[in-house]
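S.K.: got a sequence here, can you model it:
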Amino acid sequence: MEFLFLPRFVPDVKSKNLHIAIFSTLFAAAMWLSINLSYEYQTVISVPLALENIKPNRALARPVPASLAVKVHTSGWELLGLYFVPNVRYVLDVADVTNKFNFITNKDVMERLKIPQSIHPVEIKPDTVIIVLDEKIKKIVPVEPEVQMSFRDGYDIVGEIKTTPDSVTLTGAKAILDKVEQWQTKPLVFSNLRSDVNTRVAVTDSLEYGVTPFPAAVDLQFAVQPTAEKTFKGISVEVDQVPNNRLVVLIPPKIDVIVRGGIGQLATVDRKDLSSYIDYRTILLDTTGSIEPVVTTPKNIRVVKKDPERLQYVVRK
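M.R.: Next comes the predicted model:
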């Protein structure tokens with residue numbers, strides 16, 4: 001007779017105990033959460049402030065808070081549900097405001113505060129929102145690039161930083177735009193540069209003032225080249241603002257100048273592009289007997305060395 005032995009299933013006691021422990025822990029946590037969420041709570045929530053029905057010919061002339069701090073009283077369940085309501089906001093209807101109006105935030109709360117009615121607001125800060133409107137205008141201003149950059153050894157910027165377009169049209173309150181002469185890009189940082197840069201950058205926004213720029217972004221470009229040095233000898237030093245009854249003699253009257261810049265740009269620089277001067281007023285204030293001359297160069301061409309660095313002088317009547 002043949003016997004067939006079937007394997008006997010032996011439950012894993014450790015695995016079973018682990019499942020029971022996990023289930024018990026989750027059940028206990030759910031019970032604890034359910035009990036605690038049934039209690040009443042007071043807490044402070046941040047509610048975005050929204051302005052509605054601004055007249056087409058009016059714009060904000062004074063910043064308003066981006067949000068209000070609202071202390072609410074409600075159950076834990078309602079408070080939890082509040083975080084899943086996408087349109088929670090405090091709405092101010094400014095249709096009747098032409099110049100200035102003070103809104104008391106604790107007045108007409110349930111009409112302005114878009115939250116479930118089961119949640120009761122207790123306090124709102126700030127307690128007053130001041131709305132100041134002015135004539136809406138448009139103004140074209142140049143774009144000012146805000147760029148920080150560093151270069152790989154032996155490289156530097158050549159020429160100017162340019163944007164395309166080079167200006168933006170701002171729309172906002174006249175009282176604000178009358179004071180605006182340029183509009184910055186958002187900050188850009190470039191490190192270890194060794195080649196030209198051509199990138200897209202957003203211009204700054206000003207939501208708190210309601211100023212809208214167009215376009216919202218510009219193209220930014222500047223050239224980067226290997227650098228070189230060039231020496232110019234015998235640059236004459238002039239003395240400015242000398243009175244008619246005075247004569248200033250410089251010793252020596254000329255200097256040698258070493259400049260540094262991009263190879264391509266430096267190749268086009270001639271001695272006529274450099275000048276050097278001393279302001280007579282600095283001589284009157286001097287107590288050392290020597291003055292350092294000022295050297296002017298084309299943009300992005302830097303003076304590395306002047307020889308001599310300082311000049312002696314004699315003032316004669």
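S.K.: any idea which element residue 195 lies in?
M.R.: In this assignment (DSSP states H and E), residue 195 forms part of neither any helix nor any strand.
S.K.: just give the nearest non-adjacent residue to it, would you?
M.R.: Closest residue in space to residue 195, ignoring its immediate chain neighbours: residue 224 at 5.7 Å, by Cβ to Cβ, 6 or more residues apart in numbering. From N, CA and C alone the C-beta is placed, and that goes for glycine too.
S.K.: packing partners of the helix or strand containing the one you found?
M.R.: Under the criterion DSSP H and E, the helix or strand holding residue 224 is strand 217-240. Strand 217-240 sits against strand 147-151, strand 155-164, strand 197-202, strand 247-251, strand 254-262, helix 263-266, strand 275-279, helix 280-285, with contacts defined as 3 or more Cβ pairs under 8 Å, 6 or more residues apart in numbering; DSSP states H and E.
S.K.: what angle do strand 147-151 and it make with each other?
M.R.: Between the axis of strand 217-240 and that of strand 147-151 there is an angle of 70 degrees, by axes from the mean of the first three to the mean of the last three Cα atoms, to 10 degrees.
S.K.: what about the closest residue to residue 298 other than its chain neighbours, distance to residue 111?
M.R.: Taking Cβ to Cβ, 6+ apart, and ignoring the residues beside it in sequence, residue 298 has residue 273 as its nearest neighbour in space, at 5.3 Å. Using Cβ to Cβ, to the nearest Å, one obtains 69 Å as the distance from residue 273 to residue 111.
S.K.: out of these two, which sits in the busier spot?
M.R.: Neighbour count, other Cβ atoms under 10 Å: between residue 273 and residue 111, residue 273 has more, with 13 against 9.
S.K.: residues contacting the more buried one?
M.R.: Contacts here follow Cβ atoms under 8 Å, 6 or more residues apart in numbering; on that basis residue 273 touches 297, 298, 301.
S.K.: what's around the nearest residue to the last one once chain neighbours are set aside, how many residues?
M.R.: Read it as residue 301. Excluding its sequence neighbours, the residue lying closest to residue 301 (Cβ to Cβ, 6+ apart) is residue 261, at 4.2 Å. When counting by other Cβ under 10 Å, one arrives at 26 neighbours for residue 261.
S.K.: what of residue 42?
M.R.: Other residues within reach of residue 42 by the criterion other Cβ under 10 Å amount to 12.
S.K.: host element of it?
M.R.: strand 40-52.
S.K.: which strands and helices sit next to that strand?
M.R.: Contact analysis of strand 40-52 by 3+ Cβ pairs under 8 Å, 6+ apart lists strand 67-75, helix 76-82, strand 90-93 as its packing neighbours.
S.K.: off-centre distance for the helix or strand following it?
M.R.: The element immediately downstream of strand 40-52 (helix or strand, assigned by DSSP H and E) is strand 58-60. The gap between where strand 58-60 is centred and where its chain is centred comes out at 23 Å by Cα atoms, centre = their mean, to the nearest Å.
S.K.: equivalent analysis for stretch 112-121, please.
M.R.: 35 Å.
S.K.: which stretch in the helices and strands packed on strand 40-52 has the least confidence?
M.R.: Among the helices and strands packed on strand 40-52, helix 76-82 carries the lowest mean pLDDT, at a mean of 59.
S.K.: quick one: residue 262 and residue 193 touch, right?
M.R.: No. Applying Cβ atoms under 8 Å as the test, residue 262 and residue 193 come out as separate, 11.9 Å apart.
S.K.: would you mind listing the residues touching both of these two?
M.R.: Both residue 262 and residue 193 are in contact with 157, 224, where contact means Cβ under 8 Å, 6+ apart.
S.K.: the more surrounded of those two?
M.R.: For residue 262 versus residue 193, the count of surrounding residues by other Cβ under 10 Å is larger for residue 262: 20 against 16.
S.K.: and the closest residue in space to residue 133 that isn't next to it in sequence, bridged to which residues?
M.R.: With Cβ to Cβ, 6+ apart as the criterion, residue 133 has its nearest non-adjacent residue at 4.3 Å, and that residue is residue 58. Assessed by DSSP bridges, residue 58 has beta-bridge partners residue 135.
S.K.: now do the contacts for residue 58.
M.R.: 97, 98, 133, 134, 135, 136, 173.
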